[in-house]
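Visitor: curious how this folds, go ahead:
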Amino acid sequence: MTQFLLNQQPVTLENVDPNLTVLNWLRNDRLRCGTKEGCASGDCGACTVVLGSVDDGKIRYQSANACLLLVGQLHGKQLLTVEDLADGGELHPVQRTLACGHASQCGFCTPGIVMSAFAMQKNGAAADSASVAHQLGGNLCRCTGYRPIVEAALSLLSDSSADKFDAQAALTVAQLQALGEPTDERLLMPKTLDALAECYARHPQARLLAGGTDLNLLVTQAHQRHGQLISLARVEELRGIVRQGNRLVIGAMTTLDTLQRQLKETIPALSEMLDRFASQQVRNQGTLGGNIANASPIGDCAPALLALDARLHLRRGTQTRDVALADFFIGYRKTVMQPGEFISHIITDDVTLSRNMQLWKVSKRREDDISSVFAAINLDVSDGIVSRARIAFGGMAATPARALQCEAAWIGRALNRETLNAACAALAADFSPLSDARASAEYRLQVAKNLLKRYFLHMTSEHLVEVTDYVR
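Guide: Below is the predicted model of the structure:
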C-alpha cells in the first residue's frame, strides 16, 4: 500500500508496480496531461512537479522530475501538478505573472516552468538573476523565451503574498502525518538504519533506491524492469551533515541540494561545483551516497571526495567496515561492496584542507550536462614547496581515480613551471583515456594537462580572470 496526497486529496494505491513513474501515472491513470513528457531522462523539465513533505512540523516544497520519480516514492508526500495551482477561476500568481509577462510561447515547457517557479517562490530564493538561473536551470524553453521567464521569476520573488497553499498548510501537515505505513512488498521502505540492514540482508537481490535520478533511467531509457526495490527515503539516520572533531560525517541520503547549501563555508569548491551538477530538480532528489554507489566513471562527486581522502562507512547486517574511497572502485561500475552491503556515511578528515581545492568540470555545455573530464586538485604549499598533493579525475579511466604519479611529481618540489611541466607529463603515465561520443582520448589527456596549468595559474597569479567572471 502506498499513500500520499494529490493536492489535498488522499490517495491509496495497492500493489503499485515498482516501475510505474509518476509521469505515466498522472497522464494515463489520472488524465492530468498538464505534466508533459519531453526527454524522459530528467534533462528538459517539461514534466516538473512539486513535492510537499513535512520538515520540522512545516510543509516544505521541492521540484522534481516526474519522469524519474516512481509512484512508490510518493508515500507520505503531497504531489502538486500545474492543475492544482489555480484557486477556483483565479490563476495562481505564478501562472498569472508568467502569462502577463509574455513568458509562454508554444506552451509545451510552460507547465514545468510554472512548477519550478512555484517551488522557487515557496522556498524564498534570492531575488537576483543568478538565483533564478540556478533554480530554473533544469527547465528548457525551445522557443528561447528566457528573458521574459527570468523577468517574471524576479517579479515573483519580490512578492510575498500568501496563497491557498499557505492557508491550507496546517491541514496539509496533519493529513500527511496521518498517513499509514507502506506495505508494498515490491517496494520495501524500512524506517531505521537497523531495519534497513536487516531488510537488505534478507533481500540482497533487491535494488537500493535512494533518489532514483540515475537508477530510474533504467526504466525510462534502457526499458529494464525493477523486480524488488528497497527505498532508503525514510531512514533519517542516513541524512544530514555532522562535524565530529576534525571529521565531517555525511549521511549517504543527504541530497545534493543540502550539500550545496550547507558546505559553502566548509568545502566551498564542492558547493560551487554543484551549481553545475544536473538541475535543481535532480539536486533535490539525488543523493551523495547514490552518486558514489552507482560507480559511474563520470560521476562528479567521487573525484571531489578522492581529493579530500574521503572514506566510506559500509554496513552489511550487523557488520560494519570503513573503506577508503580510493579503494572502493574496482572496475567499470564495480565496487568492493558485497551482496547486502550499503554505504551509510561518507567521512572526510580535516576539511580545512579544502581551502586550496579546486573542482573543474569540462562538458559540452556549461550546466546540466555530463562531464567529459572532471578535475579535483588539492595542493598544500608551505614556503613555496608542495608538501601534500591530492589530484583526482573523472572521465579519464573506467573509474574515478587519483593521479598518483602526477601527485608524486608535485610533492617536495617548488610550485613553479618546471614542477608543473613534470606533473603534466606524469598524467600520461597515470591515465590512458578512451575515446567516446563526448571526447577523444587525446582531447581528454590534453584537457587534464590544461586543468593542471589552470590550477597553477590560480595559485600563482594575482589577476586571474575566469570565463565565468561575468561583467556586471
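Visitor: helix, strand, or coil at the nearest residue to residue 145 once chain neighbours are set aside?
Guide: Spatially, and ignoring its direct neighbours in sequence, residue 145 is nearest to residue 105 (4.9 Å; C-beta to C-beta, 6 or more residues apart in numbering). No exception for glycine: its C-beta is placed from N, CA and C like everyone else's. Using DSSP: H, G, I helix; E, B strand; the rest coil, the structure places residue 105 in coil.
Visitor: check contacts around the closest residue in space to residue 252 that isn't next to it in sequence.
Guide: The shortest distance from residue 252 to any non-neighbouring residue, by C-beta to C-beta, 6+ apart, is to residue 289 (2.6 Å). By C-beta atoms under 8 Å, 6 or more residues apart in numbering, residue 289 lies in contact with 210, 232, 238, 251, 252, 253, 254, 342, 343, 344, 346.
Visitor: and for residue 358?
Guide: Contacts of residue 358 (C-beta under 8 Å, 6+ apart): 269, 375, 376, 377, 378, 454, 455, 458.
Visitor: which helix or strand contains the fourth one?
Guide: Think residue 377. Here residue 377 sits within strand 373-382, counting by DSSP states H and E.
Visitor: which residues touch stretch 437-446?
Guide: By C-beta under 8 Å, 6+ apart, stretch 437-446 touches 363-364, 370, 372-373, 395-396, 427-428, 431-435, 447.
Visitor: which among the residues you listed count as buried?
Guide: Those of the contacts of stretch 437-446 that meet the buried threshold are 363, 370, 372, 373, 395, 396, 427, 431, 433, 447, by 16 or more other C-beta atoms under 10 Å.
Visitor: surely residue 140 is in contact with residue 48?
Guide: No: Residue 140 lies out of contact with residue 48 (C-beta atoms under 8 Å); the separation is 10.9 Å.
Visitor: for the two, work out which one has more neighbours and name it.
Guide: Using other C-beta atoms under 10 Å as the criterion, residue 140 and residue 48 rank with residue 48 on top: 33 against 21.
Visitor: leaving aside the residues next to it on the chain, what's closest to that one?
Guide: residue 112 (3.7 Å).
Visitor: before we move on, what about residue 86?
Guide: Using C-beta to C-beta, 6+ apart and skipping residues adjacent in sequence, the residue nearest residue 86 is residue 92, 5.8 Å away.
Visitor: against residue 364, how distant is the closest residue to residue 292 other than its chain neighbours?
Guide: Once flanking residues are discounted, residue 292 sits nearest to residue 302: 5.7 Å by C-beta to C-beta, 6+ apart. From residue 302 across to residue 364, the span is 21 Å (C-beta to C-beta, to the nearest Å).
Visitor: now residue 191
Guide: The value you get for residue 191 to residue 364, if C-beta to C-beta is used, is 42 Å.
Visitor: now the residue nearest to residue 252: which helix or strand?
Guide: helix 288-293.
Visitor: just how off-centre is the helix or strand following that helix within its chain?
Guide: The helix or strand immediately downstream of helix 288-293 is helix 301-306, counting by DSSP H and E. With C-alpha atoms, centre = their mean, to the nearest Å as the basis, helix 301-306 stands 14 Å off its chain's centre.
Visitor: packing partners of helix 301-306?
Guide: helix 268-273, helix 288-293, strand 373-382, strand 385-394 (3 or more C-beta pairs under 8 Å, 6 or more residues apart in numbering; DSSP states H and E).
Visitor: if you average the pLDDT over that helix, what comes out?
Guide: If you average the pLDDT over helix 301-306, you get 97.
Visitor: restricting to C-alpha, output stretch 391-407 in CSV.
Guide: Presented in CSV, the C-alpha positions along stretch 391-407 are these (Å, rounded to 0.1, in the frame of the first residue of the first chain):
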residue,chain,number,x,y,z
ILE,A,391,44.7,15.0,-7.5
ALA,A,392,41.8,13.0,-8.9
PHE,A,393,40.0,12.9,-12.3
GLY,A,394,36.7,11.6,-13.6
GLY,A,395,36.2,10.7,-17.3
MET,A,396,39.9,9.6,-17.6
ALA,A,397,39.5,5.9,-16.8
ALA,A,398,37.0,3.1,-16.1
THR,A,399,36.6,4.5,-12.6
PRO,A,400,37.1,7.9,-10.9
ALA,A,401,40.8,7.7,-9.8
ARG,A,402,43.6,9.6,-8.2
ALA,A,403,46.6,10.6,-10.4
LEU,A,404,49.2,9.1,-8.2
GLN,A,405,52.3,9.7,-10.4
CYS,A,406,51.1,13.3,-11.0
GLU,A,407,50.8,13.8,-7.2
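Visitor: name the residues of that stretch that are buried.
Guide: Buried, per 16+ other C-beta under 10 Å, within stretch 391-407: 391-397, 399-403, 405-407.
Visitor: can you pull out the helices in the stretch 351-472 of the chain?
Guide: Applying DSSP state H, counting those that start in this stretch to the stretch 351-472 of the chain gives helices spanning 404-410, 417-430, 441-460.
Visitor: could I get the buried ones among the contacts of stretch 437-446 as TSV with distance to residue 306 and pLDDT?
Guide: As requested, these are exported to TSV (distance: C-beta to C-beta, whole Å; pLDDT from 0 to 100):
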residue	distance to residue 306	pLDDT
363	19	94
370	18	92
372	18	96
373	14	97
395	13	97
396	12	98
427	15	97
431	14	97
433	17	96
447	18	98
